[in-house]
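> Generate a structure from the sequence data that follows.
(2 chains)
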2 protein chains.
Amino acid sequence: MKFGVVLFPSKKLQDVANSYRKRYDPHYSLIAPHLTVKEVFEASETEIEHIAAQLRQVAKDAKPFTLNVTKVSSFSPVNNVIYLKVEQKAELTALYNMLHEGQLKQPTEYTFIPHITIGQRLSDDEHLDVYSQLKLVDVAHEEVIDRFHLMYQLENDTWTVFETFRFGKE
Amino acid sequence: MKFGVVLFPSKKLQDVANSYRKRYDPHYSLIAPHLTVKEVFEASETEIEHIAAQLRQVAKDAKPFTLNVTKVSSFSPVNNVIYLKVEQKAELTALYNMLHEGQLKQPTEYTFIPHITIGQRLSDDEHLDVYSQLKLVDVAHEEVIDRFHLMYQLENDTWTVFETFRFGKE
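Numbers count the residues shown, from 1 in each chain, chains lettered A, B, ... in the order given. Okay, here's the model as predicted:
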């Protein structure tokens, strides 16, 4: 089974993100707007119980932090992904690091740039067009994040929650 | 905001349910296959923190139980909903009751019949046709349930997880 760990922002920010994703993100119907803190990894149903126990420990050591969305940005020319840029915070970096240490280690393709995707799989022309519009939009937003979610993927590619982990709790 | 409390069965059962929902359930893309244990209710973002605390207490008092799917059934003639029938268990009834007591009380339209919907909003003809086929299918399945999930609905009608509550934990 495929698993991943994400932060879900508040309804307010998810609704904003979805207003763009509906048009520009083919993953719109597969998962709610999210900030990925641990990329897809494979685990069996027995392995995941062990991993969940580790995530519980990470959550216990994690601290709530203020998530700040600053602007719309793009990973172009690496890829045509348009996203809500999230300010790098010490607590967020610490969380990411804890989710990739010890037995939670996994190969990572990119360095961690916290973001909430709102558009992807766009052609170069589409990307140029959409991004030139969206980068002018004021998307400034602030909220507190106090939990992460372990998700798994079904055969139809949609994602379901396995468990929520609240920061500072066991 | 609209909230609800559900049980998500294992990936295996969700994949089976989705193979039918894809064709017969317009809610297919809004939420993963689930067993509703507390119907939709309204709450503000501040109220929900208080409710979540109550749900935490319910989960603490709840006991893991074996979920048995016995057959495909239908709520017809009340409505044309086709579902995986889930055996009524003392632990499941107790969970439902705890989720509707005290401050968690809410008006309920139907008595609790545990089920996982696989088809709805079917015309009478469609319902007759689909149900006459599906009721012959062997869907017997057994698994342990040890958590429930508080979900909330976004403006596009999809559901996101707010928090997971594991039975017997605080």
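> tilt between the helix or strand harbouring residue A:149 and strand B:147-153?
Residue A:149 is part of strand A:147-153 when elements are defined by DSSP states H and E. If you take axes from the mean of the first three to the mean of the last three CA atoms, to 10 degrees, strand A:147-153 sits at 100 degrees to strand B:147-153.
> can you tell if the helix or strand that strand A:147-153 is followed by touches chain B?
Following strand A:147-153 in sequence order, the next helix or strand is strand A:159-166 (DSSP H and E). Yes. Using CB under 8 Å from any CB of the partner chain, we find that strand A:159-166 touches chain B at A:160, A:161, A:162, A:163, A:164, A:166. Bear in mind the C-beta positions are built from the backbone N, C-alpha and C, glycine included.
> Check stretch A:143-152 too.
Yes. Counting by CB under 8 Å from any CB, chain B has neighbours in stretch A:143-152: A:147, A:149, A:152.
> And stretch A:78-89, by the same measure?
No. For stretch A:78-89, no contact with chain B is found by CB under 8 Å from any CB; the gap never falls below 15.6 Å.
> starting at the chain centroid, how far to that stretch?
Chain-centre distance of stretch A:78-89: 10 Å, with CA atoms, centre = their mean, to the nearest Å.
> So which bits of the longest helix along chain A are buried?
Counting by DSSP state H, the longest helix found in chain A is helix A:45-61. Buried residues in helix A:45-61, defined by neighbour count with 16 or more other CB atoms under 10 Å in any protein chain shown: A:48, A:51, A:52, A:55, A:56, A:58, A:59.
> Provide a list of residues in contact with the last one.
Just to be clear, that refers to residue A:59. A:147, A:148, A:165, A:166, A:167, A:168, A:169, A:170 (CB atoms under 8 Å, 6 or more residues apart in numbering or on different chains).
> Of those, which is the most crowded?
residue A:148 (25 neighbours; other CB atoms under 10 Å in any protein chain shown).
> My read is that it contacts residue A:165, right?
Yes. Assessed by CB atoms under 8 Å, residue A:148 is found in contact with residue A:165 at 5.6 Å.
> Using PDB, write out every CA atom in the stretch of helix or strand residue A:91 belongs to.
Counting by DSSP H and E, the element that carries residue A:91 is helix A:90-98. Only the C-alpha atoms of helix A:90-98 are listed here, as PDB (Å, rounded to 0.1, in the frame of the first residue of the first chain):
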ATOM      1  CA  ALA A  90      11.700  26.300  12.300                       C
ATOM      2  CA  GLU A  91       8.900  24.100  13.700                       C
ATOM      3  CA  LEU A  92       7.900  23.000  10.200                       C
ATOM      4  CA  THR A  93      11.500  22.100   9.200                       C
ATOM      5  CA  ALA A  94      11.900  20.300  12.500                       C
ATOM      6  CA  LEU A  95       8.700  18.300  11.700                       C
ATOM      7  CA  TYR A  96       9.900  17.400   8.200                       C
ATOM      8  CA  ASN A  97      13.300  16.300   9.600                       C
ATOM      9  CA  MET A  98      11.700  14.100  12.300                       C
END
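> separation between residue A:98 and residue A:108?
As defined by CB to CB, to the nearest Å, residue A:98 lies at a distance of 14 Å from residue A:108.
> I meant to write residue A:84 there.
Distance, residue A:84 to residue A:108, by CB to CB: 21 Å.
> what do you get for residue A:128?
Distance of residue A:128 to residue A:108, given as CB to CB: 28 Å.
> Neighbour count for the two, which is higher?
Neighbours per residue, other CB under 10 Å: of residue A:128 and residue A:108, the larger number sits with residue A:128, 14 against 11.
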